[in-house]
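Trainee: here is a sequence together with a model predicted from it:
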Amino acid sequence: MERILVGMDPKRTSRWAGVYALNLAKRIQAKVSFLLVIDPAAKRSKPAISNEAETSVKESLESLIEEGLSEGILVDYYIAYGQYEDELVNFIKDNQISILVVGSPADQKASAGNFKSFLEKIRHRVDCRIEVVHEKTT
């Protein structure tokens, strides 16, 4: 059985990565794991903003999990505290993940270089497919 990981970071993750992963899991009969990574340093420096973003992502995640379970998809949810990149890599290696789904940054121009660098670092450290989901615009 394929295993899909949706990496979520309160500062940069959109709901579309989760929606994409659930739709993919339904098509290929895969298990989906959501990993919410919370950076303790960011939480200490701006606790109010960090808590608000974290709460928003958790509410969105709960909705996605309910949706997946109602459609018969195996869904797990994990929280990790640390650096986003490191926690993703550790989870992928420890749980034999075959597909990583990440959302592209909403502000493409400002974040493009950082995001490409992030993807390259991840790609060199893991042995799984990486799917990048772009936020749907209307």
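Mentor: Looks like it arrived, so ask away. Numbers count the residues shown, from 1 in each chain.
Trainee: confirm for me that L61 is in contact with A17.
Mentor: No - using Cβ atoms under 8 Å, L61 is not in contact with A17; the gap is 10.8 Å. Every C-beta, even on glycine, is put in place using the N, C-alpha and C of the backbone.
Trainee: mutual contacts of these two, please.
Mentor: In terms of Cβ atoms under 8 Å, 6 or more residues apart in numbering, L61 and A17 are both contacted by the residues M8.
Trainee: what about those two, which has more around it?
Mentor: A17 (24 against 20; other Cβ atoms under 10 Å).
Trainee: mind listing what that one touches?
Mentor: A17 neighbours (Cβ under 8 Å, 6+ apart): 6-8, 101-103, 133.
Trainee: in the chain, spot the helix with the most residues.
Mentor: Identified as the longest helix of the chain according to DSSP state H is helix 47-70.
Trainee: could I have the CA atoms of that one written out in PDB?
Mentor: Extracted C-alpha coordinates of helix 47-70, given in PDB (Å, rounded to 0.1, in the frame of the first residue of the first chain):
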ATOM      1  CA  PRO A  47       3.500  33.500  20.300                       C
ATOM      2  CA  ALA A  48       0.200  35.300  19.500                       C
ATOM      3  CA  ILE A  49       0.700  35.000  15.700                       C
ATOM      4  CA  SER A  50       2.000  31.500  15.900                       C
ATOM      5  CA  ASN A  51      -0.900  30.300  18.100                       C
ATOM      6  CA  GLU A  52      -3.400  31.800  15.700                       C
ATOM      7  CA  ALA A  53      -1.800  30.200  12.600                       C
ATOM      8  CA  GLU A  54      -1.500  26.900  14.500                       C
ATOM      9  CA  THR A  55      -5.200  26.900  15.500                       C
ATOM     10  CA  SER A  56      -6.300  27.700  11.900                       C
ATOM     11  CA  VAL A  57      -4.200  24.900  10.500                       C
ATOM     12  CA  LYS A  58      -5.500  22.400  13.100                       C
ATOM     13  CA  GLU A  59      -9.100  23.300  12.300                       C
ATOM     14  CA  SER A  60      -8.500  22.900   8.600                       C
ATOM     15  CA  LEU A  61      -6.800  19.500   9.300                       C
ATOM     16  CA  GLU A  62      -9.700  18.300  11.400                       C
ATOM     17  CA  SER A  63     -12.000  19.000   8.500                       C
ATOM     18  CA  LEU A  64      -9.800  17.200   6.000                       C
ATOM     19  CA  ILE A  65      -9.400  14.200   8.300                       C
ATOM     20  CA  GLU A  66     -13.200  13.900   8.800                       C
ATOM     21  CA  GLU A  67     -13.600  14.200   5.000                       C
ATOM     22  CA  GLY A  68     -11.100  11.500   4.300                       C
ATOM     23  CA  LEU A  69     -12.400   9.100   6.900                       C
ATOM     24  CA  SER A  70     -16.000   9.600   5.600                       C
END
